[in-house]
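1. just coords:
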Ligand SMILES: [Zn+2]
């Protein structure tokens, strides 16, 4: 009987090893360990053995059954894994196929530039002020030290609607309005918006364009504060290693007036076609608020001083992104617009 | 302003600075140098030649064979100029010479004849054709007889010169003269300025004996000086004068005109020369024109004058428009022997208006407009007398005829060093300030800690202490200003709720897949009101540049749709754009009512996942979904009402409503509008965004997350096609009581299985009690009421 048992075990282990699917192995389980299997038969047949042999034989059968069971389970784990692997294999997809598109739009490049500038100045404590695009001559010119007949009015040919109403030629009237509304109190604002001038549209001119201007009025505001503020702006906008330089200029609403250049971000100052070989790029105009402008808005120009600056987001976008034709900003070609999707952070 | 450096050196030492360096110094301290122009253009080997003989080329009518003495030899040169002749001194480019435009001169054979060089025109030396004297415009330039044969043309005739082109801002009228630029350069380089020395012999007869003067308009003309010069020989000016004028961008004419132009450039003071005999009256009267009075100006145009135009007359008829242009009737010509030189101060406003009215801008008028130096009017007249005496052999009559009521005093500006430093945020010493003011030639005294500055009249732009701050700072150097930040208390800064919500709207639109567009505010009459939400008058520009851009828009959609067409015409079939911007409606006061709008236009595919076989064209409901989420995001209840609007599909248009007010419209473009715009199905929306953004949003309070389950019941209804889902939804909501939490359409069927004129709409109803778990009975009760109400309105349950 012992020999029979050993024979059975050998057979079972062989068949376990041979089984190549979960089903075959289950058949082996039923065949050897099932209620009608030979091991059960052997246990049933133990009654015929002498009583003193039964415990020994019983233990032996159990050992064999356990061994077969262990082997079978071990084999089962392997076969199940193989089965799963096979299934997974059959489920393989071509991961190089394109993903389901998530439609995302994006801001216009000018909005992108304006918001970047707004956020920078907001972080320095500025508020964003806006005003009408159709303006009174008074706010657009007179309140800015540009009385009727002033020679500097020639600099900006304007679209008039009546003798006293026009499309604003700069966002400076927002400054004049804010000053008037603040009634002599300190101001820190940034004014973005659309402006209009009588220019024929070409690669570098547009009858409609955008501007963003800043105004700070307070006690002891100095020209050095203007320089420091513009320096922060230049570094944030065009890179940490940008240097700025101020050149004397003229605007009727500021005195002294300056133009600000930044060191060329393309060549770093050695000269290239972006900076026209000068190493410097003109970015904006600025100055200390002219006392006439302060007085006209009801400020005591002896007590409060201020600075103002203004720039063109089109120009900045053209420089930053290398756009060669200003008309791209108003044509709305989706092949152009959709390029301003990604962040530059 | 074009500044010849060789000319400038007459007045100020430029310290031998290379022109580019001088230009940079001028730019950095106040006046932008736009260009540095080398007049020699790298030319070499160009000499004075003497044409010994000149015969026609036997083989070519238009060519001449010349034997030209070029100093070291006499050589043969073939010349094609019509004005070549024996006995002339000419400009010769020798073999090996370089000319502008990368031209190299080589020995050549022309129709069989040897040619050793080229006889040049001024154009060939790089001078603009419009500056070349008329006599030489079509041929070679003929040098004066005394030009030394074989000598270098570039050095002898000032072509080894560099011109600085100044881009002047309107405040720096003082730099519209060589003397003004000399003062500026002198201040920059700490050099003295040498003024021209004026002296000339005077005749014993006086100017007053030949000329009388009346000024009837002293406000417009507070100073008038006339000098009389007789026995003049009108002829070509000497080379140096011609070259200086050409360098300054002025075409030489004859010595009299050239002298007036030379002094205009030198002093910035416009002069005018009248032919004394042509005046005919021995009188000059300055007065305002009579209404409708006529004058023929030097450009041969007949001009009609008005009462506010100032004219110079001979006591009877106008002979010049004051400060703008002379009259043809008194023009200096070859036969003139006696001239009257006018040097005057005309008020800037009067000249500006006159030059604007006549569309006449001249070197003279542009200087008057900006204001000339009161203290240069008389010296300029004297300088003219001197040059006419020297260059035209004129006999200057003694004295001048003068009308003078002009205030020529210097303005006093007082400013303290502390003020200057506090404005700049610097610590410039008193000595440095004093030095700068001296360099500027501003007479300055120190009194009670203040700088008391007498500002020279040439610097009309220096009026207030801040102007002095700028002078000090620019000459001290803007690079020396430190970089600081305002020290005032910090303010929080930020966006207003309106501005912040506008950004939210943009983010939502972009998240929904739309690209932001920007279009023009100015449009055509035709487009101005299309899709406008309100009916108001349009606003037109006084002087539009074109009809296309003549009216302020009242809606964003027309231009946005143009942008869509622009793209589809370039085979981008799926386009989804949005724009935020102002529209311009007639307002209550003189300003317009500017309303910020949001517009969307979309065409083509909304969903395009082609390899998975999913393609969905845009339709009304895609855009409606976006509008609905806009309402949700902003916390406002937007509703939709069936509507009609021109150029929109009559069955696919809805008004967007907020609190019973129509604030927008959306729909599909009318097929005929689509066709007109060359578009396929296009869905659009125009919304008064300001109305949405101006609403105050309620505070957000959370609703407890449900602790008890909800129960859903679905109903499929057969409805007449004209019944709107929203109507049924209202019936359901009204009948469902407080347990009914949500009603949602989940299916629509309009296929063949339906009876004609009917459709099936399926609703899913959600019942929920926040307090406890609903019992079946409660749900049945509520649902029964809904079914009853539906039956009442004639909605059958679909079996
Ligand atoms: Zn560069």
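-> Received, thanks. Only a predicted model underlies this, so the values are computations on that prediction, with no experimental measurement involved.
2. Apart from its chain neighbours, what residue comes closest to residue A:22?
-> Excluding the flanking residues, the one nearest residue A:22 by CB to CB, 6 or more residues apart in numbering or on different chains is residue A:79, at 5.0 Å. No exception for glycine: its C-beta is placed from N, CA and C like everyone else's.
3. Which residues does the longest helix along chain B contact?
-> With secondary structure taken from DSSP state H, chain B has its longest helix at helix B:776-792. Residues outside helix B:776-792 that contact it (CB atoms under 8 Å, 6 or more residues apart in numbering or on different chains): B:711, B:713, B:715, B:717, B:728, B:731-732, B:734-737, B:739-740, B:765, B:767, B:769, B:797.
4. one more time with 7 Å
-> B:711, B:713, B:717, B:731, B:732, B:735, B:736, B:737, B:739, B:740, B:765, B:767 (CB atoms under 7 Å, 6 or more residues apart in numbering or on different chains).
5. For ChimeraX, what selects the buried ones among the residues you listed?
-> This is the ChimeraX syntax for the buried subset of these, where burial follows 16 or more other CB atoms under 10 Å in any protein chain shown:
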select /B:711,713,717,731,732,735,736,739,740,765,767
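6. Turn the contacts of helix B:776-792 into a markdown table, including pLDDT and distance to residue B:382.
-> Output for the contacts of helix B:776-792, formatted as a markdown table (pLDDT from 0 to 100; distance: CB to CB, whole Å):
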| residue | pLDDT | distance to residue B:382 |
| --- | --- | --- |
| B:711 | 93 | 109 |
| B:713 | 93 | 108 |
| B:717 | 93 | 105 |
| B:731 | 94 | 102 |
| B:732 | 95 | 102 |
| B:735 | 93 | 105 |
| B:736 | 90 | 104 |
| B:737 | 89 | 106 |
| B:739 | 92 | 106 |
| B:740 | 93 | 103 |
| B:765 | 95 | 104 |
| B:767 | 94 | 106 |
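7. which ones among the contacts of helix B:776-792 are found in helices?
-> B:731, B:732, B:735, B:736.
8. Could you tell me which residues make contact with the residue in the stretch 301-450 of chain B that chain A sits nearest to?
-> Closest residue of the stretch 301-450 of chain B to chain A, CB to the nearest CB: residue B:425 (2.8 Å). By CB under 7 Å, 6+ apart, the contact set of residue B:425 is A:222, A:223, A:224, A:225, B:481, B:482, B:484.
9. now, which of those residues sits nearest the ion?
-> Using CB to the ion, residue B:481 is the member of the contacts of residue B:425 that lies nearest the ion, at 24.2 Å.
10. Need the phi and psi values for the closest one.
-> Taking degrees, to the nearest 10, you get phi -70, psi 130 for the backbone angles of residue B:481.
11. Then residue B:582?
-> Torsion angles, degrees, to the nearest 10, at residue B:582: phi -80, psi 140.
12. List the contacts of it.
-> Residue B:582 makes contacts with A:133, B:521, B:594, B:595, B:596, as judged by CB under 7 Å, 6+ apart.
13. Can you name the residues that contact residue A:275?
-> So residue A:275 contacts A:264, A:267, A:281 (CB under 7 Å, 6+ apart).
14. number of nearby residues for the first one?
-> Other residues near residue A:264 number 24, with proximity taken as other CB atoms under 10 Å in any protein chain shown.
15. Now it: closest residue in space, sequence neighbours ignored.
-> residue A:275 (3.7 Å).
16. Tell me how far the one you found lies from residue A:259.
-> 14 Å (CB to CB, to the nearest Å).
17. element containing residue A:79, please.
-> Residue A:79 is located in helix A:54-90, with elements delineated by DSSP states H and E.
18. list the helices and strands that helix packs on?
-> In terms of contacts (3 or more CB pairs under 7 Å, 6 or more residues apart in numbering or on different chains; DSSP states H and E), helix A:54-90 is packed against helix A:2-18, helix A:22-33, helix A:38-44.
19. Including mean pLDDT, mean neighbour count and distance to residue B:617, could the ones you listed go into CSV?
-> Output for those, formatted as CSV (pLDDT from 0 to 100; neighbours: other CB atoms under 10 Å in any protein chain shown; distance: least, CB to CB, whole Å):
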stretch, mean pLDDT, mean neighbour count, distance to residue B:617
helix A:2-18, 86, 15, 60
helix A:22-33, 88, 17, 50
helix A:38-44, 78, 15, 70
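20. Same list, those helices, but as JSON lines with distance to residue B:97 please.
-> Formatted as JSON lines, the helices and strands packed on helix A:54-90 follow (distance: least, CB to CB, whole Å):
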{"stretch": "helix A:2-18", "distance to residue B:97": "104"}
{"stretch": "helix A:22-33", "distance to residue B:97": "100"}
{"stretch": "helix A:38-44", "distance to residue B:97": "119"}
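21. between these, which one is nearest to residue B:325?
-> Checking those against residue B:325 by CB to CB gives helix A:22-33 as the closest, at 109.0 Å.
22. for the closest one, packing partners?
-> For helix A:22-33, the packing partners by 3+ CB pairs under 7 Å, 6+ apart are helix A:2-18, helix A:38-44, helix A:54-90.
23. Which positions in the helix holding residue A:79 come out as buried?
-> Of the residues in helix A:54-90, A:57, A:60, A:61, A:64, A:65, A:68, A:71, A:72, A:75, A:76, A:79 count as buried by neighbour count, 16+ other CB under 10 Å.
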